[in-house]
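J.: no sequence on hand, only this structure:
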Ligand SMILES: Cc1cc2nc3c(=O)[nH]c(=O)nc-3n(C[C@H](O)[C@H](O)[C@H](O)COP(=O)(O)O)c2cc1C
C-alpha cells in the first residue's frame, strides 16, 4: 500500500494568465506530474489558484516545496495535508477548471473561497470547506 497523501493549497496569481500562457503552463505541469505519478486538480479565476496534488508522500512534499517557491504566485496557504486511502482524481495528471461568474454558481463552496475577505482568511478553519468544495467539483465534472 503506497503512502499516499494529498495537499490542498490556495495562492494568488502574480498576474492574469492568457489562454496561451495557461495552456503552456498546464501541459508542462501535466508532463511532470505524469512522470512522478502525481494527480490532482487546479482551479483558477484570473486572481487565485486552488490546487490539489495527490501522490506518494515523498514526491508530494518535494513538489509542494518547488511550487511554494514559484514566482508565478504568492501568498501560498496550505489548507490541507493528510494521508488518503485512494486518489480523488486518479485519471487526471492535473485536471483544470477556469472559473468565472457564469460557471461557478453551481459549485457549492466556491464563493467562500474565491470571494473571501483575504485579510481575515484563516486556513485552519476551512479544512471542512475545502473537502466540501472538492466533493462539489467531483460531482460537477
Ligand atoms: C499554481 C501552480 C501550480 C503548479 N503545479 C505543479 C504541479 O502540479 N506539478 C509540478 O511538477 N509543478 C507544478 N508547478 C510548477 C512548479 O512550481 C515548478 O515550476 C516546477 O515543478 C519546476 O520544475 P523544473 O525544476 O523541472 O523546472 C506549479 C506552479 C504553479 C505556479
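T.: Happy to help now that I have it. Note that the structure is a prediction, hence the values are computed from the model and not measured.

J.: all contacts plus neighbour counts: C-alpha atoms, from now on.
T.: OK.

J.: hey, where'd the helices end up in this structure?
T.: Ranges of helices within the chain are 19-36, 57-68, 110-114, 127-139, based on DSSP state H.

J.: pick out the shakiest of the ones you listed, pLDDT-wise.
T.: Lowest mean pLDDT within the helices of the chain: helix 110-114, a mean of 58.

J.: what's across from the nearest residue to residue 93 once chain neighbours are set aside in the sheet?
T.: Distances taken as C-alpha to C-alpha, 6 or more residues apart in numbering place residue 39 nearest to residue 93, at 4.4 Å, with adjacent residues excluded. Beta-bridge pairing for residue 39 (DSSP bridges): residue 54.

J.: can you report how many residues lie near the residue in the chain positioned nearest to the ligand?
T.: Of all residues in the chain, residue 67 sits closest to the ligand, at 3.3 Å by C-alpha to the nearest ligand atom. For residue 67, the count of nearby residues is 14 (other C-alpha atoms under 10 Å).

J.: what does the chain put close to the ligand?
T.: Residues of the chain found near the ligand (C-alpha under 6 Å from any ligand atom) are 29, 32, 33, 49, 63, 66, 67, 70, 72, 73.

J.: for the closest residue to the third one other than its chain neighbours, give me its contacts.
T.: By the measure of C-alpha to C-alpha, 6+ apart, the closest residue to residue 33 outside its immediate chain neighbours is residue 93, 5.7 Å from it. Residues touching residue 93, when contacts are defined by C-alpha atoms under 8 Å, 6 or more residues apart in numbering, comprise 30, 31, 33, 34, 37, 38, 39, 40.

J.: rerun at 7 Å
T.: Shown in contact with residue 93 (C-alpha atoms under 7 Å, 6 or more residues apart in numbering): 30, 33, 34, 38, 39, 40.
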